[in-house]
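give the three-dimensional model of this entry:
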Amino acid sequence: MASLILRTRRHTAFPKPNKTCIRKFTELPTIQQTPRHSDHWYFATTYEDSATPLFDKVLIANRGEIACRVIRTCRRVGIGTVAVFSETDAQSLHVRLADESVYIGPPASKESYLRMDKILQACKDTGAQAVHPGYGFLSENSNFSKLLADNGIVFLGPNAAAINAMGDKIESKRIAERAGVNVVPGYDGEVETPCHAVTIANSIGYPVMIKASAGGGGKGMRIAWNDADVLQGYRLSSQEALSSFGDNRLLIEKFIENPRHIEMQILCDTLGNAIHLNERECSIQRRNQKVIEEAPSTIVDQPMRDAMGKQAISLALSVGYHGAGTVEFLVDKNKKFYFLEMNTRLQVEHPITECTTGIDIVYQMLRVGRGLPLEYSQSDVQLKGHAVECRVYAEDPYRSFGLPSVGRLHRYIEPDMHNVRVDGGVDEGSEISIYYDSMISKLVGYGVNRTEALRTSCEALDRYVIRGLLHNVALLRDILVEERFIAGDVTTDYLQLVYPDGFKGKRLSPYEVYQLAAIAACFYIKGEINSSEFINQSVSSYSKSTSNWLVVVMLEGESPLAEVRFVDGIFRVRIDNEEFLIHDFSVDDGAIPLVVNESSLLMQLLERHSDGAVSLRYHGTAFRCHAMDARYHGYLATMPSRRDATNSGLEVRSPMPGSLISVSVEPGQRVVPGQEVCVVEAMKMQNSLLAETAGVVASIHLAVGDTVGDNELIVTLDPVT
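A predicted model of the protein is given here:
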């Protein structure tokens, strides 16, 4: 097949879908010439290898942040890189970072990143000697590993036999038992039908966990508390598993209530050497997907660490494993741990292990792929300091702790700080689409101890500027200062326990309400002064010559009166009996450092609304603050208020952008509250939409397979008469 070669990054021609496109870049992108922040401070690795070269060129069969992560280590050791990209990702950061890039198909994963034949052809066309699969997509596909091996290309991961053994949760559980690893009680076999699933669940005893036999990442998993849950969970989990992994087989095992999720990072070479790189705490999750991870765990002592590591290594050696892998365990309240699964790939949260050991795991994968022995023995592995990873997603944390959001990043500034690492796959102008995972980046804060790591992470989140779409920084920031989390008292149901009514944003204390009101009053005054100067008003109560103001700030249902004086570069704001001394500051569209009562505080001005209100990000959460001259506040009572329309539950709308997978009703059908109406898939997760009230289906507005927008109407009901 003929190839279209684009010689420079400035070429804007877009490849035709029916042709292979290879871009060969002769210059480094700006981001590599002048990095936004150092990305190597956490590595003790010197990258001084033996006389044997590693590879001339590596293809990364992935996208986003993990592709960028692999490219950076390859660059560090002089290995050329090849990116692959779909139509949607043509201008993505990973494409611009790589030395070459190859177009592999339309946006849908099954037509691009899951096409083994296209990726193999890209290797042949570019001369790539090895493939790094990252995580997700083909990273745990044994057929892909074998296909590459059969064509003389190194798969930077385990061999097909090890992937098959560990990738199948049914078989891996059997192997784990034989290797002396603690396992969760459950059914040792495949679940054949929904009725079979109910029978198995009753024999084990509720609650049970329904899991996809292949794959991982929280997809294809459901907790069932009764027979009805099992029937629904069987259907949705099997559909998700087939969509994500091409394998709809399920297993059922006992659900351990209130467990911790702790995993061990391992490294194995092809010569029979194996080590573990300590544990990671991954208990804070939503929908079985991790939100915040840290290393080390607050409950793991050295004897427990040694025992978990020994079992993890035993399991890996029993299947001839080589490369990087992760053995995951559930830990009960008595600190007894049980094998959950093994991920035969580089884990999303590997950066916190790199920060606390100094070992570049991607570099070790390259060495192992070349047939070299491990650089380290177990006694060489140290545990230095503490690291916390926050997964920053494009999603709405106020809806089910994070429903996906899409959009374009029209303003994006990563925090540039000491002891902060940001593994990102986007930059300003990037677009988050419905086709892939909604991750923006992984933000890692490091410290000599946990307290310092948490403090650093909080400041980094406060400095993180993300505009143009919804994101979960507010939730991440709130967790980091929450009492139970600070105490290390976390389990996999942490979010449900701490936020039983869902996340509502930071809850302000009375003092914080006044402090934020005082700051909002200063923003208002500065804005009014600037406006009066811009329109050249000769007489104004807001000018540099004026030093006293009365301002009412409407915030969180309150309307405190702020008395403001400006003296010697300081705003002196009194609200009731509280006084706030706020040093003068400059307003821009990034993080705004403030000094309030001699303490430092970071704010962000997110938006100026048409009614004069502003949205300020305060401790991670956006608050709408409406400040105005006290003389005008009384007039508000005479203004009519807008009433929001309500559909009384007679409209079924999509809570997120995605695809309509199925419709369970038809026009004229009567439905009852809680009955499934349709299923929407967003970023590989299937969500069952239920009727809120009884009604009769009046109309169905979309067809199965259609793209669905956020809050788009899918089904309309008529009231029952």
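
quick one: what helix or strand has Glu389 in it?
Secondary structure from DSSP states H and E places Glu389 in strand 386-393.

could you identify the helix or strand that succeeds that strand?
In N-to-C order, the element after strand 386-393 by DSSP H and E is strand 395-396.

mind giving me the packing neighbours of the helix or strand following that next one?
Next in sequence after strand 395-396, counting helices and strands by DSSP H and E, comes strand 403-404. Here strand 403-404 touches strand 395-396, going by 3 or more CB pairs under 8 Å, 6 or more residues apart in numbering; DSSP states H and E. Just so you know, the C-beta spots here come from the backbone N, C-alpha and C atoms, and that holds for glycine as well.

partner strands of the strand it packs on and their direction?
Sheet pairing of strand 395-396 (DSSP bridges) gives strand 403-404 (antiparallel).

thinking again about what came up before, where's the strand holding Glu389 relative to the chain centroid, distance-wise?
A distance of 9 Å separates the centroid of the chain from that of strand 386-393, by CA atoms, centre = their mean, to the nearest Å.

switch to numbering from 5
All right, first residue 5 from here; so that's strand 390-397.

name the helices or strands packed onto that strand?
strand 293-299, helix 354-361, strand 443-451, helix 454-467, helix 477-484.

give me the contacts around the host helix or strand of Glu175.
Following DSSP H and E, one finds Glu175 within helix 173-182. By CB atoms under 8 Å, 6 or more residues apart in numbering, the residues outside helix 173-182 that reach it are 168-170, 187-188, 190, 192-194, 215-218, 253, 255, 257, 319, 322-323, 343, 345-346.

narrow the residues you listed to those that are buried.
168-170, 187-188, 190, 215-218, 253, 255, 257, 319, 322-323, 343, 345-346 (16 or more other CB atoms under 10 Å).

from the chain's centroid, how far away is the helix holding Glu175?
In terms of CA atoms, centre = their mean, the centre of helix 173-182 is set 29 Å apart from its chain centre.

about what we covered before: okay, the strand holding Glu393 in PDB with CA atoms only?
What follows is strand 390-397, C-alpha atoms only, in PDB (Å, rounded to 0.1, in the frame of the first residue of the first chain):
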ATOM      1  CA  HIS A 390       5.300   9.400  49.900                       C
ATOM      2  CA  ALA A 391       3.500  10.100  46.600                       C
ATOM      3  CA  VAL A 392      -0.200  10.800  45.900                       C
ATOM      4  CA  GLU A 393      -1.700  10.600  42.400                       C
ATOM      5  CA  CYS A 394      -4.900  12.400  41.500                       C
ATOM      6  CA  ARG A 395      -6.500  11.400  38.200                       C
ATOM      7  CA  VAL A 396      -7.800  14.500  36.600                       C
ATOM      8  CA  TYR A 397     -10.700  13.700  34.400                       C
END
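
average pLDDT across that strand?
What strand 390-397 shows for mean pLDDT is 98.

which other helices and strands contact the top helix by length along the chain?
Longest helix in the chain by number of residues (criterion: DSSP state H): helix 514-538. Judged by 3+ CB pairs under 8 Å, 6+ apart, the packing partners of helix 514-538 are strand 552-558, strand 565-571, strand 574-579, strand 582-587, strand 595-600, strand 603-612, strand 618-622, strand 625-633.

buried sites along that helix?
Here helix 514-538 shows 517-533, 536 as buried, counting by 16+ other CB under 10 Å.

what's it in contact with?
512, 544, 546-548, 553, 555, 557, 559-560, 562, 564, 566, 568, 570, 575, 577, 579-580, 582, 584, 586, 589, 591, 598, 600, 607, 609, 612, 618, 620, 622-623, 627, 629, 631-632.

report the strands that pair with the longest strand along the chain, each with its relative direction.
Once the chain is assigned using DSSP state E, the strand that runs over the most residues is strand 278-290. Strand pairing for strand 278-290, using DSSP bridges, gives strand 264-272 (antiparallel), strand 293-299 (antiparallel).
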